[in-house]
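Engineer: Sequence below, structure please.
(one chain, ligands or ions: 2)
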Amino acid sequence: MKLTFLGTGTSTGVPQIGCRCEVCTSSDPREKRLRSSVMIEVSPGRNLLIDCGPDFREQILRAGAPPLSALLITHSHYDHVGGIDDMRPYCYPSSFPVYCLADVARDLRERVPYCFRKHLYPGVPTFDIHVIDPSRPFTVDGIEITPLPVMHARLPIIGFRIGNLAYITDCSAMPPDTLSKIHGVDTLIINALRREPHMSHMNLSQALEVIRSAAPRRAFLTHLSHGMGLIDDTRPLLPPGVDIATDSLTVEIP
Ligand SMILES: [Zn+2]
Ligand SMILES: [Zn+2]
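Structural biologist: Ligands and ions are numbered 1, 2, ... in the order given. Got it, this is the predicted structure:
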């Protein structure tokens, strides 16, 4: 299994529009972060997409516009679903499969209502929505996927475990039950917004605490804002086996 980080930035992306801080003005390509999303190659030519933010078009072109089998959505905030209209090339000849919670399905119908009308305008994308139960695994093309319920401030959202990989973004608190579902995983990807605390996202020290408890072989931090500081200043603060994800980074999952 191979994972590609399509984006590793928070909702504003990095640089943040108008900001003159040292991260936002850096010329280092590692400091450029599109909105968070990953693509997972589960077998040759079969790719799952997790989240489809407003940078999706640029991200998928940058990745070579590979085929996609399904979209898994963590939650319906704009930075995770804002690019869904750009999925139209993937919606032919049949509706594109989407797996999400019931509240996300409802929000999608409100956000892009023209994709769900009885009489469709020619060319609009169409989606085959599968509502998932956060408490039980589901399968996509024979691949078992375990939802990982976490809290995003007061909003219950999900991450996903696929084999030896766990992907969790926009988490501010992790229930013990979810911690047990990721314990000992090979590769854990988890959000860490910045150094300072935040009401709806874990900061660096909270993410490192979850990583310590989950004891993965290795972990990557994602969904960063400019508030994390320069990557070369933050790396020395990380324990062994933990690194900061960067856009377009590809990792093999055993
Ligand atoms: Zn987000
Ligand atoms: Zn900045």
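Engineer: thinking L68 is in contact with C91, fair?
Structural biologist: No. Contact criterion C-beta atoms under 8 Å: L68 and C91 do not qualify, at 10.4 Å. Heads up, the C-betas are built off the backbone N, CA and C, glycines and all.
Engineer: Could you pull up the residues touching S95?
Structural biologist: Contact analysis of S95 by C-beta atoms under 8 Å, 6 or more residues apart in numbering lists 126-128.
Engineer: got it, and S225?
Structural biologist: 9-10, 12, 14, 16, 193-194.
Engineer: which one of these sits closest to H183?
Structural biologist: L193 (23.4 Å; C-beta to C-beta).
Engineer: Spatially, what comes nearest to the closest one if we skip its sequence neighbours?
Structural biologist: H201 (3.9 Å; C-beta to C-beta, 6 or more residues apart in numbering).
Engineer: tell me the SS of that neighbour?
Structural biologist: coil (DSSP: H, G, I helix; E, B strand; the rest coil).
Engineer: Please tell me how far it sits from T169.
Structural biologist: 9 Å (C-beta to C-beta, to the nearest Å).
Engineer: my read: R46 touches S69, true?
Structural biologist: Yes. R46 is within contact range of S69, at 5.2 Å (criterion: C-beta under 8 Å).
Engineer: per-residue confidence for L72?
Structural biologist: Per-residue confidence at L72 stands at 98 (pLDDT).
Engineer: That one and H119, how far apart?
Structural biologist: Distance from L72 to H119, by C-beta to C-beta: 29 Å.
Engineer: Could you find the closest non-adjacent residue to whatever residue of the stretch 51-200 of the chain ends up closest to ligand 2?
Structural biologist: Nearest residue of the stretch 51-200 of the chain to ligand 2 (C-beta to the ion) works out as R194 at 10.5 Å. The shortest distance from R194 to any non-neighbouring residue, by C-beta to C-beta, 6+ apart, is to G227 (2.9 Å).
Engineer: residues touching that neighbour, list them.
Structural biologist: 193-196.
Engineer: and the stretch 101-250 of the chain, which residues reach ligand 1?
Structural biologist: D170 (C-beta under 5 Å from the ion).
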